[in-house]
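Asks: pasting the sequence and the predicted coordinates here, then a few questions.
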Amino acid sequence: MTVGMGVIGAGWIGKEHIQRLTHTVTGARITAVTDIDAARAEEAAAPVGARVLHDGAAVVSADEVDAVLVTSWGPTHAEHVLNAIAAGKPVFCEKPLATTAEDCLKIIEAEIAYGRRLVQVGFMRRYDAGYRQMKQVIDSGRIGEPLIVHCAHRNPTVPESYTSAMAALDTAVHEVDVLRWLLDDEIVSTQVLTPRATSKRSAHLKDPQIMLFETANGVRIDLEVFVNCQYGYDIQCETVGEEGLVRLPDPDAVAVRTAGQHSTAVLTDWVGRFKDAFDTEFREWIAGLAAGDEPTGPSAWDGYAATAITAATVEALESGRVVATDLKPRPAFYGGAA
Ligand SMILES: NC(=O)C1=CN([C@@H]2O[C@H](COP(=O)(O)OP(=O)(O)OC[C@H]3O[C@@H](n4cnc5c(N)ncnc54)[C@H](O)[C@@H]3O)[C@@H](O)[C@H]2O)C=CC1
Ligand SMILES: O=C1[C@@H](O)[C@H](O)[C@@H](O)[C@H](O)[C@H]1O
């Protein structure tokens, strides 16, 4: 079965995923595209033979759309995801699931009422080979119980429109998700330290930031978010356990020796760093859809947790306090205590 895919939002990542589903991952065909910028929708749809529809609701209800891909701006996600659930269609939503915890909870309520998982959130790091190997090591017990995690998330530069809150909402949100999954633990409190600011930032921006998270099991996580680091796109993660540690590998790169130097390249953006992870994420999602299975990737609950924890982190940044994440109890539908 080929899955007919309707895409809502044909911007940067929307176009990336359209290319991926057309040329790299088998089992799906882009059948409909919409964007509030009609020219952008046309430009993305024409080369893959998809129809351009006038809005997200039209995409969700189109007969040729079996599943929906939401790659529009974050504040619009909840509406499209709720429409897809109402239509009983599987929906892959790029992060964030919604920009408020309240909207995430509405999605959870709608999915539970539907009675079957339809929603998957685009936290692709769970599909990265390095993070998967780290999880295997942690789960195997080889390093003993995890105690501390050291992380860094560095982008070379960000546009003027990037705000201090986005360090949590847009950037650290990936660590929040992948660490909850890696440790199989929940983040219960958050704090933000602001070291000396880089002169390379926009005047309004607090950069870098050091985020400190604590989990229910008492694991401490420190995360450096530095979005004007200049030198490249660099993702680091090291978990220290009672009997050893496990570190995320750097991406493969040849070592060059020339002119008295030994060097390896550093990547410059998330597109290249997580290309294989995105491919695997979609390969597994499409295979599940074709088999009629419920999605097994990041759930609406994970989307809620990430939004609530990053919102608490913004509160921590603005107040200078340690803030409790105060998550709701996880419903049995998502594997919580009944
Ligand atoms: N997983 C990851 O690493 C990444 C995820 N993202 C997420 O993907 C989403 C899109 O990001 P980008 O592609 O970078 O943004 P973008 O601004 O390049 O593209 C978004 C597109 O959505 C369109 N749009 C906005 N509202 C719409 C609506 N209601 N209906 C139809 N079209 C609409 C815009 O006109 C634009 O073309 C964001 O939620 C972002 O956080 C973005 C980059 C990386
Ligand atoms: O999702 C992403 C962007 O939206 C965000 O702005 C970047 O900081 C992240 O590295 C990237 O993965």
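Replies: It's in. Note that the structure is predicted; figures quoted are calculated from it, not measured. Numbers count the residues shown, from 1 in each chain. Ligands and ions are numbered 1, 2, ... in the order given.
Asks: ranges for the strands of the stretch 101-250 of the chain?
Replies: 119-121, 146-154, 187-193, 209-215, 220-226, 234-241, 245-247 (DSSP state E, counting those that start in this stretch).
Asks: got those strands as CSV, with mean neighbour count, distance to ligand 1 and mean pLDDT columns?
Replies: To be clear about C-beta, it is placed using only N, CA and C from the backbone, and glycine gets the same treatment. What follows is the strands of the stretch 101-250 of the chain, written out as CSV (neighbours: other CB atoms under 10 Å; distance: least, CB to the nearest ligand atom, whole Å; pLDDT from 0 to 100):
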stretch, mean neighbour count, distance to ligand 1, mean pLDDT
strand 119-121, 28, 9, 98
strand 146-154, 20, 11, 98
strand 187-193, 21, 19, 98
strand 209-215, 20, 18, 98
strand 220-226, 20, 14, 99
strand 234-241, 19, 11, 98
strand 245-247, 17, 22, 98
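Asks: closest one to ligand 2 among those?
Replies: Ligand 2 sits nearest to strand 146-154 of all the strands of the stretch 101-250 of the chain, at 6.2 Å, using CB to the nearest ligand atom.
Asks: what strand or helix carries the closest residue to residue 87 other than its chain neighbours?
Replies: In this structure, residue 87 finds its nearest non-sequential neighbour in residue 60, 5.2 Å apart by CB to CB, 6 or more residues apart in numbering. Following DSSP states H and E, the helix or strand that holds residue 60 is helix 56-61.
Asks: ok, residues contacting stretch 315-329?
Replies: Here stretch 315-329 makes contact (CB atoms under 8 Å, 6 or more residues apart in numbering) with 105, 164-165, 167-168, 186-192, 194, 206, 209, 211, 304-305, 308-309, 312-313, 336-337.
Asks: model confidence over it, on average?
Replies: In this model, stretch 315-329 has a mean pLDDT of 98.
Asks: before we move on, what about stretch 124-136?
Replies: Over the span of stretch 124-136, the pLDDT mean works out to 98.
Asks: export it to PDB, keeping only CA atoms.
Replies: As requested, C-alpha coordinates have been extracted for stretch 124-136 and formatted as PDB (Å, rounded to 0.1, in the frame of the first residue of the first chain):
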ATOM      1  CA  MET A 124      13.900  12.800  15.300                       C
ATOM      2  CA  ARG A 125      16.800  12.400  17.700                       C
ATOM      3  CA  ARG A 126      15.200   9.200  19.000                       C
ATOM      4  CA  TYR A 127      16.000   7.800  15.500                       C
ATOM      5  CA  ASP A 128      19.700   8.900  15.500                       C
ATOM      6  CA  ALA A 129      22.000   5.900  15.400                       C
ATOM      7  CA  GLY A 130      24.300   7.400  18.100                       C
ATOM      8  CA  TYR A 131      21.500   8.200  20.600                       C
ATOM      9  CA  ARG A 132      20.000   4.700  19.900                       C
ATOM     10  CA  GLN A 133      23.400   3.100  20.800                       C
ATOM     11  CA  MET A 134      23.600   5.300  23.900                       C
ATOM     12  CA  LYS A 135      20.100   4.100  25.000                       C
ATOM     13  CA  GLN A 136      21.100   0.400  24.400                       C
END
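Asks: my read is that residue 60 contacts residue 6, right?
Replies: Yes. With contacts counted by CB atoms under 8 Å, residue 60 reaches residue 6, the gap being 6.8 Å.
Asks: excluding chain neighbours, what is closest to residue 61?
Replies: Nearest in space to residue 61, with sequence neighbours left out and distances taken as CB to CB, 6+ apart, is residue 87 at 6.1 Å.
Asks: ok, the residue of the stretch 151-300 of the chain found nearest ligand 1 - contacts?
Replies: When scored by CB to the nearest ligand atom, the stretch 151-300 of the chain has residue 270 as its residue closest to ligand 1, at 5.0 Å. Residues near residue 270 by CB under 8 Å, 6+ apart: 155, 233.
Asks: please report phi then psi for it.
Replies: When quoted as degrees, to the nearest 10, the phi and psi of residue 270 stand at phi -70, psi -20.
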